[in-house]
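Student: Just a sequence and a predicted model for now, questions to come.
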Amino acid sequence: MMAESKDTVHQTPWTDSDQIGRAAKPGDKLEFQRPGYKHVGIYDGEGGVYHMSGGAGVTSKSDSHYRRDEISQVAGKSKVRVNNERDAAWQPLPKTEILKRAEESLGKFGGTYNAASNNCEHKANYMRYGKPESQQVINMVNGIADTFCPPYCGEHPSFLY
């Protein structure tokens with residue numbers, strides 16, 4: 001377990017995009033509420049967020065790329081929060097390294113989008129921790145296992161952690 005500084009924020013409440021800058025620090029992971037999922041990116045410290053997105057005019061998920069947009073543009077009407085809860089288990093990279101990874105990714109092809117193996121959360125976790133993992137995917141798989149596995153295979157062993 002890593003030692004925490006007194007100003008470490010693992011997760012803030014959901015708020016409007018114009019308010020999040022008061023709590024967010026450069027390199028923090030930001031989550032944006034969407035119907036059925038959360039969009040995830042890295043805060044740049046200046047009102048913007050680095051994220052993987054198709055963007056305007058993109059007609060296919062295979063055209064995903066890295067971009068930087070203003071938080072309000074990414075949020076639209078949705079709420080946003082800081083979510084660094086993985087800091088409790090994973091050591092975040094230094095802020096300069098997080099922002100360097102994000103900046104170097106700008107404009108690059110993000111690979112063919114895949115909700116299970118190559119989504120915006122995978123990319124944000126790679127930038128912050130060096131680990132391309134999606135908690136949303138893990139929660140979904142474990143939820144399915146909790147629903148369908150017990151009648152057939154006994155106690156659900158948590159397939160993913």
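Tutor: Cool, the structure landed.
Student: just checking, Asp69 touches Met52?
Tutor: No. Applying C-beta atoms under 8 Å, one finds Asp69 not in contact with Met52, separated by 11.4 Å. C-beta: built from backbone N, CA, C; applies to glycine.
Student: Of these two, give the one with the bigger neighbour count.
Tutor: Neighbour totals were compared for Asp69 and Met52, and Met52 leads with 26 against 17 (other C-beta atoms under 10 Å).
Student: Let me know the pLDDT of the more buried one.
Tutor: Per-residue pLDDT puts Met52 at 83.
Student: Next, it: secondary structure please.
Tutor: strand (DSSP: H, G, I helix; E, B strand; the rest coil).
Student: give me every residue that touches it.
Tutor: 41, 64-67, 110, 113, 119-120, 123 (C-beta atoms under 8 Å, 6 or more residues apart in numbering).
Student: likewise Arg68?
Tutor: By C-beta under 8 Å, 6+ apart, Arg68 lies in contact with 44, 48-51, 102, 106.
Student: In TSV: those residues, plus neighbour count.
Tutor: Output for the contacts of Arg68, formatted as TSV (neighbours: other C-beta atoms under 10 Å):
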residue	neighbour count
Asp44	22
Gly48	19
Val49	30
Tyr50	24
His51	26
Ala102	25
Leu106	11
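Student: any idea how far the closest residue to Arg101 other than its chain neighbours is from Pro35?
Tutor: Leaving aside its chain neighbours, Arg101 sits nearest to Met127 (4.5 Å; criterion: C-beta to C-beta, 6 or more residues apart in numbering). Met127 sits 25 Å away from Pro35, going by C-beta to C-beta, to the nearest Å.
Student: before we move on, what about Asn83?
Tutor: 18 Å.
Student: what does Gly21 give?
Tutor: Going from Gly21 to Pro35 by C-beta to C-beta gives 25 Å.
Student: So which of those two has more stuff around it?
Tutor: The neighbour comparison of Gly21 against Pro35 (other C-beta under 10 Å) goes to Gly21, with 14 against 5.
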